[in-house]
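K.L.:
coords below, sequence missing:
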């Protein structure tokens, strides 16, 4: 069964795409600062990342390809024409990127940059267009060997020639739009659709006068190294006070055995109701009872310089508590995965409770 996910980086308005089949996955246009999120999703879905693919050398964000290779052992794929060093797979027009029983077909779509590619699913039900074709727009053509006439040909010959029902997923969107179709873009894209001509398009693009992307001077050199950091570009710091796992939900989690072994012991905040705290599941020795609905007004009862582990029955309410404490400025917060149910199932000690 095909797995398809569209992920978003709000800082750069970049879409990253996960496609998987048979436990094997490809990640398209990963963002450096979102590697932790992407790795968590792969882990939670039980997927092995075969490769990352950048649709071009990005100017507005740094690729996560190099960092994902270091952490997960994935290959780095990108357009041979893009000129990036460190590629494990330099892609040419017409090649196939297999995953499970499916594949993405590589189509060269230069014009935004000289090395742009788009990726079409084997049954042509969807295509990932990078920056060549956006929803009712397209990528700019005024740097990195961009060429308006070339982009016009690329889009018409390689993307708008697909079946009308093919869904098109762009590399960016700045208005919250997520997907379009070949039929829509043929009809309504003001740059390519309707009766527009190559001359119309080139005149439009040459008159845009856009400022360069804010991170261009950092992003382009880094992406010519496939996202390998240099200087002040560093991966997000990992907690060192306990063995934690980042959840796709956006918080750190700790398993019962790991919590038992943490020294010095963190602050344990139980966010259940008093009758649950003293009820059949019992509670962890030393835990402080702070019911969830009281937490935000009682945060000053906690020490900000010490790690905090939030606890509830199943891990659901305590996940919300962990997010609230993080938003309140606590730098070291983790949720007890599975809550007291998992704690008891692991045979960990409790105060009170039933055998």
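P.N.:
All right, it came through fine. The model shown is predicted, which means the values in this text are computed figures rather than measured ones.
K.L.:
Quick check: residue 321 vs residue 267, distance?
P.N.:
Separation of residue 321 from residue 267 (Cβ to Cβ, to the nearest Å) stands at 12 Å. For the C-beta atoms, the positions are set from N, CA and C on the backbone; glycine is no exception.
K.L.:
who has more neighbours, these two?
P.N.:
Higher neighbour count among residue 321 and residue 267: residue 321, with 25 against 19, using other Cβ atoms under 10 Å.
K.L.:
Does that one touch residue 292 like I think?
P.N.:
Yes - in this structure, residue 321 is within contact of residue 292 by Cβ atoms under 8 Å, at 5.6 Å.
K.L.:
tell me, what's touching those two both at once?
P.N.:
271, 312 (Cβ atoms under 8 Å, 6 or more residues apart in numbering).
K.L.:
mind showing which ranges of the stretch 101-250 of the chain have poor pLDDT?
P.N.:
Applying pLDDT under 70 to the stretch 101-250 of the chain flags the ranges 231-233.
K.L.:
Could I get the full set of strands for the stretch 201-350 of the chain?
P.N.:
In the stretch 201-350 of the chain, the strands defined using DSSP state E, counting those that start in this stretch lie at 245-247, 251-254, 267-270, 288-289, 308-311, 333-336.
K.L.:
Just put the ones you listed in a markdown table and tack on distance to residue 279.
P.N.:
Below are the strands of the stretch 201-350 of the chain laid out as a markdown table (distance: least, Cβ to Cβ, whole Å):
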| stretch | distance to residue 279 |
| --- | --- |
| strand 245-247 | 26 |
| strand 251-254 | 23 |
| strand 267-270 | 11 |
| strand 288-289 | 12 |
| strand 308-311 | 13 |
| strand 333-336 | 17 |
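K.L.:
For residue 101, give me its contacts.
P.N.:
21, 22.
K.L.:
I figured residue 219 was touching residue 58, is that so?
P.N.:
Yes - using Cβ under 8 Å, residue 219 is in contact with residue 58, at 5.8 Å.
K.L.:
Tell me which other helices or strands the longest helix anywhere in the chain touches.
P.N.:
Longest helix in the chain by number of residues, with DSSP state H as the criterion: helix 316-327. When contacts are defined as 3 or more Cβ pairs under 8 Å, 6 or more residues apart in numbering; DSSP states H and E, helix 316-327 sits against strand 251-254, strand 267-270, strand 308-311, strand 333-336.
K.L.:
Now do the first one: which elements does it pack against?
P.N.:
This means strand 251-254. strand 245-247, helix 316-327, strand 333-336.
K.L.:
in its sheet, what does the first one sit against?
P.N.:
What that stands for is strand 245-247. With DSSP bridges as the test, strand 245-247 is paired with strand 251-254 (antiparallel).
K.L.:
List the contacts of the strand it pairs with.
P.N.:
239, 242-247, 262, 309, 315, 319, 322-323, 326, 333-337.
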